[in-house]
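K.L.:
A predicted structure for the sequence below; I have some questions about it.
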Amino acid sequence: MLIDISLVVVAYLLGSFSSAVVVCKVMGYEDPRTLGSGNPGATNVLRHGGKKAAIITLILDMMKGVVAVLLAKLLTDSSLIVALSALAVFLGHLYPIFFNFKGGKGVATALGVLLALHWMVGVGALLTWLVMAFSFRYSSLAALITAAMTPVYMYWFSGVDHYVIVNVVITVLIFWRHQSNIQKLMNGTEGKIKFSSSSS
């Protein structure tokens, strides 16, 4: 029981590490929470810090999800605890205790979680996002479509009830955190991704 509780707590604390804020500080950029959308995530870092900072942020955010879930899988046989650890690291990213509970929207961390829960679901999510992002050039739209599809992928590939349920919860939270983006998409004011940007 103590190990199970510790896994969930550690997962939350790991999720609370804000990659965007730390990367921008180390690389000499302004705090992403004070720029653009104010979201400490890879997309906002890309717009204001460049590709290198955005890629590092993306990788670190993904790795939080991967490490938290794999650690749980290593130390427990309970699919419930693994699922709760997955949710905890995601919630840590959204509401980080180290950054006044003001975190990102969780897309990259969710991808890491999915990769660790079942690699085929993670690959399916990544491919869905890439196709949608390159087709429509809206990061938020790609994230929303991907989030909507992942519970289907999880049910199909894993069949683990706890994983499917936590995936549905993550999807709902992603939609909740993207409310402003949804409104901008509807108004035609959402910013597009510039893949050809020469920023570094």
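P.N.:
Structure's in. What do you need? Remember, it's a predicted structure, so these values are computed and weren't measured experimentally.

K.L.:
now for the helix or strand of the chain with the lowest mean pLDDT, which elements pack on it?
P.N.:
Within the chain, judged by mean pLDDT, DSSP states H and E, the helix or strand with the poorest mean is helix 42-49; its value is a mean of 82. With contacts taken as 3 or more C-beta pairs under 8 Å, 6 or more residues apart in numbering; DSSP states H and E, helix 42-49 sits against helix 19-26, helix 51-75. C-beta here means a position set from N, CA and C on the backbone, and glycine is covered the same way.

K.L.:
where exactly do the helices run in the chain?
P.N.:
2-15, 19-26, 42-49, 51-75, 79-94, 107-117, 119-136, 139-157, 161-177, 179-187 (DSSP state H).

K.L.:
Would you convert those into TSV that also reports mean neighbour count and distance to Leu35?
P.N.:
What follows is the helices of the chain, written out as TSV (neighbours: other C-beta atoms under 10 Å; distance: least, C-beta to C-beta, whole Å):
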stretch	mean neighbour count	distance to Leu35
helix 2-15	18	22
helix 19-26	21	9
helix 42-49	24	5
helix 51-75	21	12
helix 79-94	25	19
helix 107-117	28	18
helix 119-136	17	21
helix 139-157	20	16
helix 161-177	19	18
helix 179-187	13	15
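
K.L.:
Would you single out the least confident of those?
P.N.:
The weakest mean pLDDT among these belongs to helix 42-49, with a mean of 82.

K.L.:
if I look at Thr109, how far off is Ser18?
P.N.:
Thr109 sits 11 Å away from Ser18, going by C-beta to C-beta, to the nearest Å.

K.L.:
list the residues that contact both of those two?
P.N.:
Taking C-beta atoms under 8 Å, 6 or more residues apart in numbering as the contact rule, Thr109 and Ser18 both touch His93.

K.L.:
Which residue lies closest in space to Leu46, excluding its sequence neighbours?
P.N.:
Ala54 (3.6 Å; C-beta to C-beta, 6 or more residues apart in numbering).

K.L.:
tell me the contacts of the one you found?
P.N.:
42-43, 45-46.

K.L.:
could you dump those to TSV with distance to Ile59?
P.N.:
Conversion of the contacts of Ala54 to TSV gives the following (distance: C-beta to C-beta, whole Å):
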residue	distance to Ile59
Ala42	9
Thr43	14
Val45	12
Leu46	13
